[in-house]
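Visitor: quick check, what structure comes out for this input:
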Amino acid sequence: MKNPLSLIGLLLILSFPLSAQDKRLSYDQFMDWVKQYHPVAKQADLLLDLGKQEIRKARGGFDPYLYGSIEEKQYQEKEYYNKKEAELILPTIAGIELQGVYEKNRGAYLNPELNVPDNGIYALGASINVGNGLLIDKRRAALKQAKIYNKATQEERRQSLNLLYYDATSVYWKWAGAFADLKVNEEGLRVAKERFEAVKGSFEQGDLPAIDTVEAYTQVLNREIKLQKAGYTYFSSLQELNVYLWDAEQNSIDLSPTIGPEPLVENNELTLDEEHIHQALLSHPELRMLDYDLAYLNIERRYKAEQLKPKVKLKYNFLTETLGGLEQVGFYENNYKFGIQVSTPLLLRKERGDLGMTRVKIKDVNYKRDLKFEQLAAKLRKVLNEYKVLNNQLSFLTQNIQALETLLRGERIKFDMGESSLFLINAREKSLFDSQLVYNTLYVDLVITYSKIRTAAGLGFEGL
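Guide: Reported below is the predicted structural model:
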């Protein structure tokens, strides 16, 4: 649902109050609004929740496990057996499983090994893998990988916000450029109308020929057409800007057409620290995500290598009839259950194949990372050079505009003295207005290129 707001109402929500004479949406205000409320920014925050839930899921592998069973058989008025068992298993991060068991069995045909005292028996002990699973097992590997995934989601969020930063910056400055072009064309039409009225008056007084009024009027018509085209371009850029304006309730906002951007000339101080930019590239989110892919695969490699070892599991349980005071617990007596399980595949082809595949994946990601770094570095060098070229062009064009303004003033003085013609005045004005439009285009390109540099370096919203 669209929610039309005036800029004053919008900025009051933003805590950026503006005066009635200064109805502008500045770039900083716009970007702060986008970062807080744009759906892409909200989606990026959801990535952090995914990382946290992945850790919670992995930690579930270490949750205590409670087990209980009751089995009974009655036949021909005889109790064959009645077996009751309750067990609590407590996995630990060290790979040891703590275990507590309570058994109470009776019956005429009970398996002799299940015979226990009338009050039942307690078994407290532990089990541990001393071969396969000693250094790392599935649970510990899953938890380590979940922590890596959580960090990767933070980088994925950064990258998503970086792209949002660039897109929003481009839209804002294209809107600002369209607004500046509109003002140039409005000024051109105003000047043309004033000159037409002046020429018309001079013709009526007999000072100028009728053909001059025709030429002055054609300039009004031409500039009216250009103004309409500039108005269409501005309206289109405003609609694109509205896509990036949302309120806290996730309703899209239509900015009032009476609100304008900040003037281009007020944002001509762009700080570009190349050393900082190149240093930031080393921590680019795309590179960091590949680093986390490698860390994730290295955990998998360790786990797969662990599978090459034989499975040797030791179990030991103390047995006692009571869990009262220490003097009553029979742990000091020689009552226990002990077991050892050993197993291993003979050829280990599956295990060696899994390990080999993981090593291939690691090499593949390493190649991807090397390539990605060179691609990002090349892109950064390209946009840095583009920025320098645009900056130089803008400097030269500024000097050219100053020279054209001087020529136009001189031509107007000569025209008032009767030493020039309307044709030359129009030519001077056209050159000046065209140069101002080119200036606006170059300025917008420069600011957008600056955002390209920050995006290429992986900075985005950081530090803004």
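Visitor: list the buried ones in the helix or strand containing Gln279?
Guide: The secondary structure element spanning Gln279 is helix 274-281 (assigned by DSSP states H and E). Of all the residues in helix 274-281, those buried under the rule 16 or more other CB atoms under 10 Å are Ile277, Ala280, Leu281. From N, CA and C alone the C-beta is placed, and that goes for glycine too.
Visitor: which helices and strands sit right next to that helix?
Guide: Where contact means 3 or more CB pairs under 8 Å, 6 or more residues apart in numbering; DSSP states H and E, helix 274-281 is packed against helix 349-416, helix 422-456.
Visitor: if you set the cut-off to 7 Å instead, what comes out?
Guide: Packed against helix 274-281, as judged by 3 or more CB pairs under 7 Å, 6 or more residues apart in numbering; DSSP states H and E, are the following elements: helix 349-416.
Visitor: and the helix it packs on, what does it pack against?
Guide: Judged by 3+ CB pairs under 7 Å, 6+ apart, the packing partners of helix 349-416 are helix 274-281, helix 285-306, helix 422-456.
Visitor: next one: Ala377 from Leu287, what distance?
Guide: Ala377 sits at a distance of 10 Å from Leu287 (criterion: CB to CB, to the nearest Å).
Visitor: which residues does Leu66 form beta bridges with?
Guide: Counting by DSSP bridges, Leu66 is bridged to Leu88.
Visitor: circling back to that earlier point, closest one to Glu262 among the helices and strands packed on helix 349-416?
Guide: helix 422-456 (11.0 Å; CB to CB).
Visitor: mean confidence for that closest one?
Guide: Averaging pLDDT along helix 422-456 yields 91.
Visitor: identify each buried residue in that helix, please.
Guide: Quick answer for helix 422-456 (16+ other CB under 10 Å): 422, 425-426, 428-429, 431-433, 435-437, 439-440, 442-456.
Visitor: next, the angle helix 274-281 makes with it.
Guide: If you take axes from the mean of the first three to the mean of the last three CA atoms, to 10 degrees, helix 422-456 sits at 50 degrees to helix 274-281.
Visitor: Asn132: which of the helices and strands packed on helix 349-416 is closest?
Guide: Going by CB to CB, the one of the helices and strands packed on helix 349-416 nearest Asn132 is helix 285-306, 5.8 Å.
Visitor: pull the residues that contact the closest one.
Guide: For helix 285-306, contacts defined as CB atoms under 7 Å, 6 or more residues apart in numbering pick out 132-133, 135-136, 141, 144-145, 148-149, 151-152, 155-156, 158-159, 162, 354-355, 358-359, 361-362, 365-366, 368-369, 372-373, 376, 458.
Visitor: what about Ala94, how many residues nearby?
Guide: Ala94: 8 surrounding residues under other CB atoms under 10 Å.
Visitor: whoops, Met31 was the one
Guide: Count around Met31 with other CB under 10 Å applied: 18.
Visitor: do the same with Asp28
Guide: Counted with other CB under 10 Å, Asp28 comes out at 12.
Visitor: with the one 10 residues further on instead?
Guide: Residue crowding around His38 was assessed by other CB under 10 Å; the count is 21.
Visitor: for it, what are phi and psi?
Guide: With angles defined as degrees, to the nearest 10, His38 sits at phi -70, psi 140.
Visitor: surely it and Tyr244 touch.
Guide: Yes - His38 lies in contact with Tyr244 (CB atoms under 7 Å); the separation is 5.9 Å.
Visitor: pull the residues that contact the helix holding Gln279.
Guide: Leu376, Ala377, Leu380, Leu384, Ile453, Ala457, Gly458, Leu459.
Visitor: out of those residues, which is most surrounded?
Guide: Neighbour-wise, these (other CB under 10 Å) top out at Ala457, 26 neighbours.
Visitor: ramachandran angles for it?
Guide: Main-chain torsions, Ala457, degrees, to the nearest 10: phi -80, psi -10.
Visitor: tell me the contacts of it?
Guide: Per CB under 7 Å, 6+ apart, neighbours of Ala457: Ile277, Ala280, Leu281, His284, Leu380.
Visitor: quick check: it vs Met357, distance?
Guide: Per CB to CB, Ala457 is found 35 Å from Met357.
Visitor: same check, this time on Leu347
Guide: To Met357, Leu347 is 17 Å away according to CB to CB.
Visitor: looking at the two, which has the bigger crowd around it?
Guide: The neighbour count for Leu347 versus Met357, taken as other CB under 10 Å, is higher for Met357 (13 against 7).
Visitor: where's the more buried one relative to Asp291, distance?
Guide: 21 Å.
Visitor: what do you get for Tyr27?
Guide: 33 Å.
Visitor: then Val444?
Guide: Counting by CB to CB, the gap from Val444 to Asp291 is 36 Å.
Visitor: try Arg223
Guide: Plainly put, Arg223 is 57 Å away from Asp291 if you go by CB to CB.
Visitor: who has more neighbours out of these two?
Guide: Arg223 (23 against 17).
Visitor: which element is the residue nearest to the more buried one when sequence neighbours are not counted on?
Guide: Leaving aside its chain neighbours, Arg223 sits nearest to Leu189 (4.4 Å; criterion: CB to CB, 6 or more residues apart in numbering). Taking DSSP H and E as the definition, Leu189 sits inside helix 138-204.
Visitor: just the pLDDT for Asp416.
Guide: On pLDDT, Asp416 comes in at 78.
Visitor: repeat that for Glu204.
Guide: 80.
Visitor: okay, now it: neighbour count?
Guide: 10.
Visitor: ok but Ser420 is inside a helix, no?
Guide: No - counting by DSSP: H, G, I helix; E, B strand; the rest coil, Ser420 is not found in a helix; it is coil.
Visitor: quick check: the residue lying closest to it once chain neighbours are set aside vs Ile425, distance?
Guide: Distances taken as CB to CB, 6+ apart put Lys414 closest to Ser420, at 3.9 Å, once the chain neighbours are dropped. Distance from Lys414 to Ile425, counting by CB to CB: 9 Å.
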